[in-house]
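[1] Sharing a model that was predicted from the sequence below.
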Amino acid sequence: MNLHLGLTPMISLLAGILILVMPKLLNFIVAIYLIAIGLIGLFGTGAFHLT
């Protein structure tokens, strides 16, 4: 059985949950999210393949 997990949706989900739990850290969470998505875009590691 193959399981394909996208890295960017997981990061988005985590960022959304953190913003809901700690709204005062919105700027910090958004900055980390944008940096992570940018690095994923540059290096092209968009999915993990677990077998």
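    Received, thanks. Numbering: from 1, shown residues only.

[2] which helices and strands sit right next to the helix or strand where residue 31 lies?
    Take DSSP states H and E as the rule and residue 31 turns out to sit in helix 26-43. Applying 3 or more CB pairs under 8 Å, 6 or more residues apart in numbering; DSSP states H and E, one finds that helix 26-43 makes contact with helix 7-21. Every C-beta, even on glycine, is put in place using the N, C-alpha and C of the backbone.

[3] For the helix it packs on, the averaged confidence score.
    Throughout helix 7-21, pLDDT has a mean value of 88.

[4] what do you get for stretch 44-51?
    56.

[5] With just CA atoms, put stretch 23-42 into PDB.
    Listed next in PDB are the C-alpha coordinates belonging to stretch 23-42 (Å, rounded to 0.1, in the frame of the first residue of the first chain):
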ATOM      1  CA  PRO A  23      -3.900  34.200  17.300                       C
ATOM      2  CA  LYS A  24      -1.300  36.600  18.900                       C
ATOM      3  CA  LEU A  25       1.400  34.700  16.900                       C
ATOM      4  CA  LEU A  26      -0.200  35.400  13.500                       C
ATOM      5  CA  ASN A  27       2.600  37.400  12.000                       C
ATOM      6  CA  PHE A  28       5.200  34.800  13.200                       C
ATOM      7  CA  ILE A  29       3.300  31.800  11.900                       C
ATOM      8  CA  VAL A  30       2.600  33.400   8.500                       C
ATOM      9  CA  ALA A  31       6.300  34.300   8.100                       C
ATOM     10  CA  ILE A  32       7.400  30.800   8.900                       C
ATOM     11  CA  TYR A  33       4.700  29.400   6.500                       C
ATOM     12  CA  LEU A  34       5.800  31.600   3.700                       C
ATOM     13  CA  ILE A  35       9.500  30.700   4.200                       C
ATOM     14  CA  ALA A  36       8.700  27.000   4.300                       C
ATOM     15  CA  ILE A  37       6.500  27.100   1.100                       C
ATOM     16  CA  GLY A  38       9.200  29.100  -0.700                       C
ATOM     17  CA  LEU A  39      11.900  26.600   0.300                       C
ATOM     18  CA  ILE A  40       9.700  23.700  -0.800                       C
ATOM     19  CA  GLY A  41       9.100  25.400  -4.100                       C
ATOM     20  CA  LEU A  42      12.800  26.000  -4.700                       C
END
